[in-house]
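In: the following block contains a protein sequence and its predicted model.
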Amino acid sequence: MDILLIHQAFASLDEPGGTRHHELARHLQGLGHRFTIITGQGSYLTGDITTSGRGVNRQVDDVGVEIWRIPGYHAWHRSFFHRMLSFLSFMIRSLLEGMRSDHLDLVWGTSPPIFQAVSAAFLARWRRVPFILEVRDLWPYFAVASGVLRSRLLIGMSNWLERKLYRAADVVIVNSPGFIEHVSARGAKRVELVPNGVDCETFVDVEAVGEIREQLGISDAFLVLYAGAHGLSNDLITVLRAAAILQSKPEIHIVLVGAGKEKAKLVTQAQAWQLSSVHFLDPVPKECIPAVFAQADAGLAILMAIDAYKTTYPNKVFDYMAAGLPVLCAIDGVIRNVVEEGKAGIFVQPGNPEALAEAILRLAGDRVSARQMGTAGRRWVCAHYNRKILASNLLKIMESVLDRPTYNDGQW
């Protein structure tokens, strides 16, 4: 089977960011299928340009996955206007490149950004092959709930486009059970769950090289690690407020690894509050994450305290669990259920710095229990969210669509 994925924010294993798609693609390629990914030349997480030039940069990884990096407008982090220009630029260019591709059996679109899914839908219709739409984020619902999107006109247009894409897809794949009701109510004719997960083997026998602890001079400290985006939705200001409460506990340190639009403001605020126990580090490639996690004592997952985020399955939680770290879960809803069912950590009320500080103190004060939580979490996540099994489930969904193609029922 020849599969084409269109994904502007794709990150390979040697880049920082979420690598769900590269990991799934590698598994499918290993099962004998041809996988091609059309993506941009810039990193969505950092804004850095990974490749440059006017032409398409075609790469092949060590298992044969083809990655086409196409030029475009990459000013994602300048403003909302420039972000929209970037999305629209990629939408048009990716469609043109897809039309030049060889034989295709299936086109896979993913959202967000939602505009790249438009390219996938048009391309599938033009090539008369099935269209799979993957929903990783309920856009525009999350954007409206968090206050990022406020224009009534844009909200109305976005809601129309969302419903149009759901109806056009032969199957809508969601990465969280919390999304199923939303997409079903908006017109998806078939919904399947392929949740976030982990390659558990990558976290086996990892050497804790100690670079972070040595660099920061905190060899014996209780180290709480946050790895991920530094955006408005991630609510890292609550982490700084919790750190301010813990200033009398020099044995506790918080390390924030990643990048995002809010990072500069967070660094400035931490300096203003003289938070010597908070450390900001640059993002690292996914292939380096196991060694970074091996230096921590606990992993932190946090989002804004809004009901919309109760539906999410943040991938970092599964990575923390696979690394054997107890999870400080400041996100309510379905991901809280995973942590509690796996006995993998402590739920913290979102948006509550006092509760977060108290939970950190609890883990730091009983490291034996913390390690037991980490062990239980690894056992649970490897039994229920192993990426190899999830890739096999994804393949079954794709094969079922090929057996009963609808070619979008005339949509687009």
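Out: In hand now; what should we look at?

In: then the lowest-mean-pLDDT helix or strand in the chain to CSV, C-alphas only?
Out: Evaluated with mean pLDDT, DSSP states H and E, the helix-and-strand set of the chain has its lowest mean pLDDT in helix 211-216, which scores a mean of 85. Coordinates of each C-alpha in helix 211-216 appear next as CSV, following Å, rounded to 0.1, in the frame of the first residue of the first chain:
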residue,chain,number,x,y,z
GLU,A,211,24.4,16.4,31.8
ILE,A,212,21.5,18.4,33.0
ARG,A,213,22.2,17.9,36.7
GLU,A,214,25.9,18.6,36.2
GLN,A,215,25.2,21.7,34.1
LEU,A,216,22.9,23.1,36.7
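
In: report the distance from it to the chain centre.
Out: In terms of Cα atoms, centre = their mean, to the nearest Å, the gap separating the centre of helix 211-216 from the centre of its chain is 26 Å.

In: right, and the helix or strand after it?
Out: Using DSSP states H and E, the next helix or strand after helix 211-216 towards the C-terminus is strand 222-227.

In: what's that following strand packed up against?
Out: Helices and strands touching strand 222-227, by 3 or more Cβ pairs under 8 Å, 6 or more residues apart in numbering; DSSP states H and E, are strand 252-257, helix 289-293, strand 298-302, helix 353-365. For every residue, glycine as well, the C-beta is placed using N, CA and C.

In: partner strands of that strand, with direction?
Out: Strands flanking strand 222-227 in the sheet, each with its direction: strand 252-257 (parallel), strand 298-302 (parallel) (DSSP bridges).

In: coming back round to it: kindly compare burial across the helices and strands packed on strand 222-227 and name the winner.
Out: Counting by mean count of other Cβ atoms under 10 Å, strand 298-302 has the highest mean neighbour count of those, with a mean of 26.

In: next secondary structure after it?
Out: Proceeding C-terminally, strand 298-302 gives way to helix 315-322 as the next helix or strand, assigned by DSSP H and E.

In: where does the residue of the chain most remote from its centre land on pLDDT?
Out: When distances to the mean C-alpha position of the chain are computed (Cα atoms, centre = their mean), the maximum falls on Ser248, with 34.2 Å. Model confidence at Ser248, given as pLDDT, is 95.

In: quick check: it vs Ser277, distance?
Out: As for Ser248, its distance to Ser277 is 10 Å (criterion: Cβ to Cβ, to the nearest Å).

In: now swap in Ala355 and tell me
Out: According to Cβ to Cβ, Ala355 and Ser277 sit 18 Å apart.

In: what's the answer for Leu88, then?
Out: Using Cβ to Cβ, we find Leu88 at a distance of 43 Å from Ser277.

In: who has more neighbours, those two?
Out: Remark: of Leu88 and Ser277, Ser277 carries more neighbours, 21 against 15, as counted by other Cβ atoms under 10 Å.

In: could you chop this structure up by domain?
Out: Per automatic domain parsing, the structural domains of the chain span 2-197+386-410, 200-384.

In: any chance of the helices and strands packed on strand 222-227 in a markdown table, with distance to Lys310 and mean pLDDT too?
Out: Written out in a markdown table, the entries for those read as follows (distance: least, Cβ to Cβ, whole Å; pLDDT from 0 to 100):
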| stretch | distance to Lys310 | mean pLDDT |
| --- | --- | --- |
| strand 252-257 | 24 | 97 |
| helix 289-293 | 26 | 91 |
| strand 298-302 | 13 | 98 |
| helix 353-365 | 17 | 98 |
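
In: what lies in contact with the helix ranked longest in the chain?
Out: The single longest helix within the chain, with elements called by DSSP state H, is helix 80-99. Helix 80-99 is touched from outside by 4, 6, 8, 38, 40, 56, 68, 70-77, 107, 113, 115-116, 118-120, 122-123, 126, 148, with contacts defined as Cβ atoms under 8 Å, 6 or more residues apart in numbering.

In: dump the helix or strand following it to CSV, restricted to CA.
Out: Moving toward the C-terminus from helix 80-99, the first helix or strand encountered (DSSP H and E) is strand 106-111. Written as CSV, here are the backbone C-alpha positions of strand 106-111 (Å, rounded to 0.1, in the frame of the first residue of the first chain):
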residue,chain,number,x,y,z
LEU,A,106,-4.6,6.4,0.4
VAL,A,107,-4.2,10.0,1.5
TRP,A,108,-3.8,10.8,5.2
GLY,A,109,-4.6,14.3,6.4
THR,A,110,-4.1,15.5,10.0
SER,A,111,-5.3,18.5,12.0
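
In: just how off-centre is strand 106-111 within its chain?
Out: Using Cα atoms, centre = their mean, the distance between the centre of strand 106-111 and that of its chain works out at 16 Å.

In: each with direction, which strands does it pair with?
Out: Sheet partners assigned to strand 106-111 using DSSP bridges are listed as strand 2-6 (parallel), strand 131-135 (parallel).

In: dump the helices and strands packed on strand 222-227 to TSV, plus distance to Leu240.
Out: Putting the helices and strands packed on strand 222-227 into TSV (distance: least, Cβ to Cβ, whole Å) gives the following:
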stretch	distance to Leu240
strand 252-257	9
helix 289-293	21
strand 298-302	11
helix 353-365	8
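
In: out of these, nearest to Leu161?
Out: Comparing the helices and strands packed on strand 222-227 by their distance to Leu161 (Cβ to Cβ), the top pick is strand 298-302, with 29.8 Å.

In: kindly export that closest one (C-alpha atoms) in CSV.
Out: As requested, C-alpha coordinates have been extracted for strand 298-302 and formatted as CSV (Å, rounded to 0.1, in the frame of the first residue of the first chain):
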residue,chain,number,x,y,z
ALA,A,298,9.0,13.2,38.2
GLY,A,299,7.3,14.4,35.0
LEU,A,300,4.9,17.3,34.8
ALA,A,301,1.9,17.5,32.4
ILE,A,302,-0.1,20.7,32.6
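
In: and it, how far out from the chain middle?
Out: A distance of 15 Å separates the C-alpha centroid of strand 298-302 from that of its chain, computed with Cα atoms, centre = their mean.

In: report the angle between that strand and helix 315-322.
Out: Taking axes from the mean of the first three to the mean of the last three Cα atoms, to 10 degrees, one finds that strand 298-302 is oriented at 160 degrees with respect to helix 315-322.
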